[in-house]
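> Okay, structure incoming, though there's no sequence with it:
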């Protein structure tokens with residue numbers, strides 16, 4: 001079992017930065033691919049970024065590529081999402097998610113059985 005807790009959300013102005021964290025408890029954090037997803041009102045949950053178990057590879061949604069960076073510190077069982085040049089369209093509840101001891105990245109929400117409660121990001125123009 002894995003328990004995930006996101007933090008770092010808030011209200012920011014467009015063009016600024018924010019860093020989200022996801023603290024994980026449970027076994028084999030470094031053997032789990034991790035992902036970030038987001039959902040805004042009236043829209044489906046969408047993929048943002050994913051990272052392999054040892055952090056050697058990442059993948060991003062086109063909408064955030066070049067602005068967002070995901071990383072992990074396996075010694076601290078923590079996943080990060082650095083968000084730069086934020087736009088009003090980035091406003092959403094952001095969720096971190098963990099795979100079932102599969103270290104590969106995935107863009108599919110269905111590949112992640114473990115989810116955090118989400119953290120709200122609001123971007124004002």
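That came through fine. For clarity, every value in this text was computed on a predicted model and none was experimentally measured.
> Can you check the pLDDT for the residue lying farthest from the centre of the chain?
For the chain, the largest distance from the centre (C-alpha atoms, centre = their mean) belongs to residue 125, which lies 22.8 Å off. The per-residue pLDDT reported for residue 125 equals 90.
> in the chain, which residue is closest to the centre?
Centroid check for the chain by C-alpha atoms, centre = their mean gives residue 36 as the closest residue, at 2.5 Å.
> and the gap between that residue and residue 125?
23 Å (C-beta to C-beta, to the nearest Å). Backbone N, C-alpha and C define where each C-beta goes, glycine included.
> coming back round to it: my guess is the residue nearest to the centre of the chain is in a strand, correct?
Yes. Residue 36: assigned to a strand according to DSSP: H, G, I helix; E, B strand; the rest coil.
> Quick check: bridge partners of it?
Judged by DSSP bridges, the bridge partners of residue 36 are residue 49, residue 96.
> Residue 7 now?
residue 21.
> how long is stretch 3-13 end to end?
End-to-end distance of stretch 3-13 (C-alpha to C-alpha, to the nearest Å): 31 Å.
> List the buried residues of that stretch.
Residues of stretch 3-13 classed as buried: 4, 6, 8-9, 12 (neighbour count, 16 or more other C-beta atoms under 10 Å).
> swap in stretch 71-78?
Using 16+ other C-beta under 10 Å as the test for burial, stretch 71-78 gives 72, 77-78.
> which outside residues touch that stretch?
Under the contact criterion C-beta atoms under 8 Å, 6 or more residues apart in numbering, stretch 71-78 has outside partners 21-25, 29-30, 34, 51, 53-55, 79-80, 82.
> Tell me who's in contact with residue 43.
By C-beta under 8 Å, 6+ apart, the neighbours of residue 43 are residue 92.
> For it, give me the backbone phi and psi.
With angles defined as degrees, to the nearest 10, residue 43 sits at phi -120, psi 160.
> same check, this time on residue 118
phi 100, psi 150.
> Wait, it touches residue 45, no?
No. Between residue 118 and residue 45 no contact is recorded; they are 9.8 Å apart, counting by C-beta atoms under 8 Å.
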